[in-house]
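Q: Got a predicted structure plus its sequence, pasted below:
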Amino acid sequence: MAKATQAKAGAARAARGKDSSATSEELIGYYRDMLLIRRFEEKAGQLYGMGLIGGFCHLYIGQEAVVVGMQAVAEEGDSIITSYRDHGHMLACGMDPKGVMAELTGRRGGYSKGKGGSMHMFSREKGFFGGHGIVGAQVPLGTGLAFGHHYRGDGKVCMTYLGDGAVNQGQVYEAFNIASLWKLPVVYIIENNKYAMGTSQQRSSAGTELCKRGTAYDIPGIQVDGMDVLKVREAGEMAVAHARAGNGPYILEMMTYRYRGHSMSDPAKYRSKEEVAKMRQEHDPIDHLRDRLLSGNHTDEAALKSIDKEIKEIVSTATEFAQSSQEPDPAELYTDVLIEA
Ligand SMILES: Cc1ncc(C[n+]2csc(CCOP(=O)(O)OP(=O)(O)O)c2C)c(N)n1
Ligand SMILES: [Mg+2]
């Protein structure tokens with residue numbers, strides 16, 4: 001969410017007090033933010049198919065409510081870090097779609113000057129610390145960011161996202177231990193989309209209630225419907241308040257689903273087409289919010305159409321920018337590399 005919107009959201013939250021119902025303006029904002037991620041990712045998928053995006057590309061389609069709901073409770077100065085499935089997080093932080101798309105296509109106008117690609121983009125200004133290709137690596141890093149907030153006493157929180165595939169790693173528990181011991185302001189958001197590449201959670205994990213993985217370290221956790229942006233926001237509000245007040249970490253296990261393959265080169269033989277279709281038809285976070293907006297008279301079809309149009313324009317402007325930006329000069333191979341003797 002852009003910073004101005006974030007400040008407004010903060011004021012709206014304060015006015016709402018304990019009432020978790022959302023204003024029409026907030027709901028429309030979440031719809032817009034989720035739709036931007038969806039359309040952006042669809043376009044990225046197309047560009048990949050056309051050979052305009054190289055390397056790895058992991059799409060976030062289906063999981064939009066998680067990051068949008070969490071960013072709705074973020075404050076300016078909070079930090080956020082995630083895995084390689086990261087485009088949605090960047091957009092939800094308010095990073096410029098033009099810079100993200102240009103990075104995907106390996107152009108100079110990208111956030112890493114076209115040298116990082118899909119999994120390696122950063123924006124200190126927006127508090128976004130990557131984009132990490134090594135599964136689980138962002139968990140100790142996010143814990144370190146939280147230590148930074150604690151050390152500076154700035155009252156900010158780090159949102160550290162990880163997948164269900166990262167939860168059996170040792171480094172995750174080392175981070176949990178220190179975060180709880182030092183009461184660091186971190187919320188661990190496990191995006192449980194049921195699969196780690198082609199391995200279902202049931203096949204890889206002893207104990208599938210991932211929200212309980214902090215029990216040994218006294219870290220509370222709950223399971224959340226990650227396909228419902230308001231449920232995400234409600235849980236996020238509680239977990240972030242807990243961390244911000246100096247009570248230490250919190251775990252939110254977001255039950256979600258990715259519609260596309262793990263990456264663009266996934267034959268998807270590990271799940272049925274029916275399973276994916278059922279999730280799309282019955283639990284899509286955007287359709288769900290759309291229905292809520294219309295049935296609750298928060299807006300009308302014409303207004304939603306104009307949002308669709310606005311989002312399409314943002315995505316096509318980003319695409320044009322990405323295609324017209326130059327590729328990095330070969331001499332850039334030797335810059336931005338730490339080579340001090
Ligand atoms: C340490 C490490 N081991 C293996 C891989 C290969 N790998 C990339 S993604 C992935 C699955 C991770 O799944 P999950 O954490 O559930 O995230 P999702 O892709 O579902 O968002 C694996 C095993 C890796 N990148 N890093
Ligand atoms: Mg997963």
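A: Received it, and whenever you're ready, just let me know what you need. Ligands and ions are numbered 1, 2, ... in the order given.
Q: alpha carbons only for contacts and neighbour counts from here, please
A: Fine.
Q: How about the residues of this structure by ligand 2?
A: G163, D164, N193, Y195, A196 (CA under 5 Å from the ion).
Q: Kindly reformat those as a markdown table containing secondary structure and neighbour count.
A: A markdown table is the format used below for those (DSSP: H, G, I helix; E, B strand; the rest coil; neighbours: other CA atoms under 10 Å):
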| residue | secondary structure | neighbour count |
| --- | --- | --- |
| G163 | strand | 22 |
| D164 | helix | 24 |
| N193 | coil | 20 |
| Y195 | strand | 21 |
| A196 | strand | 16 |
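Q: Show me the strands in the stretch 1-150 of the chain, by range?
A: In the stretch 1-150 of the chain, the segments counted as strands under DSSP state E, counting those that start in this stretch are 79-81.
Q: how about stretch 153-161, does it get close to ligand 1?
A: No. Judged by CA under 6 Å from any ligand atom, stretch 153-161 and ligand 1 are separated, with a smallest distance of 9.6 Å.
Q: can I get the CA coordinates of that stretch in CSV?
A: Output in CSV follows, covering the C-alpha atoms of stretch 153-161 (Å, rounded to 0.1, in the frame of the first residue of the first chain):
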residue,chain,number,x,y,z
GLY,A,153,13.7,1.5,19.7
ASP,A,154,11.8,2.9,16.7
GLY,A,155,8.5,1.1,17.5
LYS,A,156,8.5,-0.7,14.1
VAL,A,157,7.8,-4.3,13.2
CYS,A,158,9.3,-6.6,10.6
MET,A,159,6.8,-8.8,8.6
THR,A,160,8.8,-11.9,7.7
TYR,A,161,7.1,-14.1,5.1
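Q: gap between that stretch and the chain center?
A: Using CA atoms, centre = their mean, to the nearest Å, the distance from the centre of stretch 153-161 to the centre of the chain it belongs to is 15 Å.
Q: contacts for that stretch?
A: Applying CA atoms under 8 Å, 6 or more residues apart in numbering, the contact partners of stretch 153-161 are 75, 77-83, 138-139, 142-143, 145-146, 149-150, 185-191, 240, 243-244.
Q: out of those residues, which are inside helices?
A: Here DSSP state H is the test, and those give Q138, V139, G142, T143, L145, A146, H149, H150, V240, A243, R244 as lying in helices.
Q: By neighbours, which of the residues you listed wins?
A: A146 (29 neighbours; other CA atoms under 10 Å).
Q: tell me the pLDDT at that one?
A: You'll see A146 listed with a pLDDT of 98.
Q: Surely it is in contact with V187?
A: No. Using CA atoms under 8 Å as the test, A146 is too far from V187 to be in contact (9.1 Å).
Q: picking up where we left off before, near ligand 1, which of the residues of the chain next to ligand 2 show up?
A: Here is what survives when these are matched to ligand 1 using CA under 6 Å from any ligand atom: G163, D164, N193, Y195, A196.
Q: Turn those into a markdown table, including distance to H283 and pLDDT.
A: Below are these laid out as a markdown table (distance: CA to CA, whole Å; pLDDT from 0 to 100):
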| residue | distance to H283 | pLDDT |
| --- | --- | --- |
| G163 | 20 | 98 |
| D164 | 19 | 98 |
| N193 | 13 | 98 |
| Y195 | 17 | 97 |
| A196 | 20 | 97 |
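Q: Just give me the neighbour total for S265.
A: Neighbours of S265 (other CA under 10 Å): 10.
Q: Please disregard the earlier target; I meant G198.
A: Using other CA under 10 Å, G198 has 15 other residues around it.
Q: dump the residue contacts of the nearest residue to it once chain neighbours are set aside.
A: Nearest residue to G198, sequence neighbours excluded (CA to CA, 6 or more residues apart in numbering): Y270, at 5.7 Å. Y270 makes contact with G198, T199, S200, according to CA under 8 Å, 6+ apart.
Q: would Y270 count as being in a helix?
A: No. Applying DSSP: H, G, I helix; E, B strand; the rest coil, one finds Y270 to be coil, outside a helix.
Q: other SSEs contacting the helix or strand where S180 lies?
A: Applying DSSP states H and E as the criterion places S180 in helix 170-181. Here helix 170-181 touches helix 138-152, going by 3 or more CA pairs under 8 Å, 6 or more residues apart in numbering; DSSP states H and E.
Q: other SSEs contacting the helix it packs on?
A: Packing contacts for helix 138-152, counted by 3+ CA pairs under 8 Å, 6+ apart, involve strand 79-81, strand 158-163, helix 170-181, strand 186-192.
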